[in-house]
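S.K.: fold the following.
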Amino acid sequence: MRITKAQHESIRRITTELAGDDAVVMLFGSRVDDNKRGGDLDLLVELPYVIDNPAWLAAQLSARISRMMAGRSVDIVLSAPNLMKLPIHEQAKLTGIAL
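M.R.: Numbers count the residues shown, from 1 in each chain. Model prediction:
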């Protein structure tokens, strides 16, 4: 996994602040492969409750985490009972690492 312990902890803290204690965060994509270099940060955020404004939540998470990561691009994929499940959700769960 190519994030530091401090980044890991900051991602968890930011996600908890914005999405609540029940949020599950998974890192997926190129950052889970120690043999790769660079790349954006791909995060799956799973929530057990309905999200009223998912675009706003994803934008807030992405912006805060990106600032913490010195401007690195951050892609957020949200999963919640009221959101459509897409193939990216399954791929993230299969290949991701829980933070």
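S.K.: show me what contacts residue 14?
M.R.: Residue 14 is in contact with 61, 64-65, 68, counting by C-beta atoms under 8 Å, 6 or more residues apart in numbering. To be clear about C-beta, it is placed using only N, CA and C from the backbone, and glycine gets the same treatment.
S.K.: ah, wrong one, I meant residue 50
M.R.: 80-82.
S.K.: mind checking pLDDT for it?
M.R.: In this model, residue 50 is scored at 97, pLDDT.
S.K.: mind checking how far it is from residue 79?
M.R.: To residue 79, residue 50 is 12 Å away according to C-beta to C-beta, to the nearest Å.
S.K.: how about residue 97?
M.R.: Taking C-beta to C-beta, one finds residue 97 at 16 Å from residue 79.
S.K.: list the buried ones in stretch 14-29?
M.R.: 14-15, 18-19, 23-29 (16 or more other C-beta atoms under 10 Å).
S.K.: of all these, which two lie farthest apart?
M.R.: Farthest-apart pair in the buried residues of stretch 14-29 is 18 and 29; separation 20.6 Å (C-beta to C-beta).
S.K.: what segments of this protein are strands?
M.R.: Under the criterion DSSP state E, strands of the chain are mapped to 24-28, 41-46, 74-79, 97-98.
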